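Visitor: Mind folding the following:
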Amino acid sequence: MIGPNNENIGVVSIEEARRIARDAELDLVEVAPNSEPPVCRVLDFGKFLYERTKKDRDAKKAQTKIEVKEIRLRPKTNIHHRSFKVRDARRWLEEGNKVKVRIRFKGREIDYVELGLTDLKEVAEELSDIATVEQAPAMEGKSVLMVLSPVGKPKKSSGGSD
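Guide: Predicted coordinates for the structure are as follows:
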């Protein structure tokens with residue numbers, strides 16, 4: 001048992017532990033039920049719950065959320081238009097986000113999947129300095145999909161250095 005001032009009291013009976021908690025006007029909480037013998041603590045349970053939720057909230061704030069952005073292309077997308085999309089993908093990767101590159105096929109274009117695969121390889125090569133291919137190009141319905149993830153640590157905010 002751990003007392004109200006965080007001192008180790010030792011092994012005591014349940015009645016003795018309840019008496020100590022009642023005398024201190026605090027709660028008796030079982031903190032490690034699976035240990036042998038079970039560990040109980042005398043503390044203010046409301047304050048304990050508040051501190052635990054506060055700690056959980058702070059831990060959640062500290063987590064970095066990785067977003068997945070997507071650029072969509074077609075097999076007939078010209079090089080100029082693709083460069084605009086690749087520039088957006090580069091910006092997102094520098095911010096630390098993942099990027100999905102999807103090439104959609106319409107109608108009979110599905111017969112020429114290799115054109116889409118070569119486009120995806122070219123996009124991956126253009127972004128190879130800041131990204132790695134996390135998911136290799138694969139068919140997904142009527143489209144080919146590839147996922148790129150950033151290499152290294154993300155930059156917080158660049159001052160428009162393009």
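
Visitor: quick one: residue 126 and residue 87 touch, right?
Guide: No. Under the contact definition of Cβ atoms under 8 Å, residue 126 does not touch residue 87, with a separation of 9.6 Å. Quick note: C-beta positions are derived from backbone N, CA and C, even for glycine.

Visitor: Pick out whichever of those two has more residues nearby.
Guide: Counting neighbours by other Cβ atoms under 10 Å for residue 126 and for residue 87 shows that residue 126 has the greater number, 16 against 13.

Visitor: Next up, the contacts around the more buried one.
Guide: Residue 126 sits next to residue 86 when contact means Cβ atoms under 8 Å, 6 or more residues apart in numbering.

Visitor: how near is it to residue 66?
Guide: In this structure, residue 126 and residue 66 are 21 Å apart, going by Cβ to Cβ, to the nearest Å.

Visitor: residues in contact with stretch 85-103?
Guide: Everything outside stretch 85-103 that qualifies as a contact, by Cβ under 8 Å, 6+ apart, is 64, 66-75, 77, 116, 119-120, 123-124, 126-127, 130-131, 134, 143-150, 153-155, 158, 162.

Visitor: Buried subset of these as a ChimeraX selection?
Guide: Here is the ChimeraX command that selects only those of the contacts of stretch 85-103 that count as buried (16 or more other Cβ atoms under 10 Å):
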select :69,71,73,74,75,116,119,120,123,124,126,127,131,143,144,145,146,147,148,149,150
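
Visitor: Among the contacts of stretch 85-103, which ones are in helices?
Guide: Among those, the members falling in helices (DSSP state H) are 116, 119-120, 123-124, 126.

Visitor: Next, format the residues you listed as CSV and append distance to residue 99 and pLDDT.
Guide: Compiled in CSV, the ones in helices among the contacts of stretch 85-103 are given as follows (distance: Cβ to Cβ, whole Å; pLDDT from 0 to 100):
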residue, distance to residue 99, pLDDT
116, 16, 87
119, 15, 89
120, 12, 89
123, 9, 90
124, 10, 90
126, 12, 89
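
Visitor: So which of the residues you listed is the closest to residue 109?
Guide: residue 116 (8.3 Å; Cβ to Cβ).

Visitor: Find the residue closest to the closest one in space, skipping its chain neighbours.
Guide: For residue 116, ignoring the flanking residues on the chain, the nearest one in space by Cβ to Cβ, 6 or more residues apart in numbering is residue 103 at 4.0 Å.
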